[in-house]
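**Q** Pasting the sequence and the predicted model now:
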Amino acid sequence: MNPKYILVSKPEAPLKGTFVYGMVFQHKDLVQGYVKVHGGGWYRKDDEARTITLYGSSGDYGPARLSFLNRIPSELRGYRFYYSPGPDLPGNLLPLDDVEWF
């Protein structure tokens, strides 16, 4: 199992993306119900530093369209999110000012 994430939106809110993550074999294992997937990738979560680095691309859904990073689970509040093109490259801090925590 691997740390993977996807960004999804529901039909009733097609422009509001939700961050879904977990330890799975395939990105499609993260999909629940009828949703539109806006790509995904891999993540590295550092609980000590309270950071999450997003990188890579989903083999099932392609690269993440980060403009759909609008809703994040509340258990990740206080974490800083970064995006990096690869796991060994430095990441860029993602702005979370307008994110909804649920």
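**A** That came in fine, so what should we check first? Numbers count the residues shown, from 1 in each chain.
**Q** which residue ranges form the strands in this structure?
**A** Along the chain, the stretches classed as strands by DSSP state E are 2-9, 18-24, 36-46, 51-55, 71-72, 80-84, 92-93, 100-101.
**Q** what's the closest of these to Ala64?
**A** strand 36-46 (4.0 Å; C-beta to C-beta). C-beta here means a position set from N, CA and C on the backbone, and glycine is covered the same way.
**Q** now that closest one: how far from the chain's centre is it?
**A** The chain centroid and the centroid of strand 36-46 are separated by 4 Å under C-alpha atoms, centre = their mean, to the nearest Å.
**Q** quick one on the thing from earlier: of the strands of the chain, which approaches Tyr61 most closely?
**A** It's strand 36-46; of those, that one is closest to Tyr61 (C-beta to C-beta) at 4.6 Å.
**Q** who's in contact with the closest one?
**A** 2-11, 14, 17, 21, 27, 30-31, 51-58, 60-65, 68, 79, 87 (C-beta atoms under 8 Å, 6 or more residues apart in numbering).
**Q** which residues touch the residue nearest to Tyr55 when sequence neighbours are not counted?
**A** Once flanking residues are discounted, Tyr55 sits nearest to Ser84: 4.5 Å by C-beta to C-beta, 6 or more residues apart in numbering. Listed by C-beta under 8 Å, 6+ apart, the contact set of Ser84 reads 53-55, 90-92.
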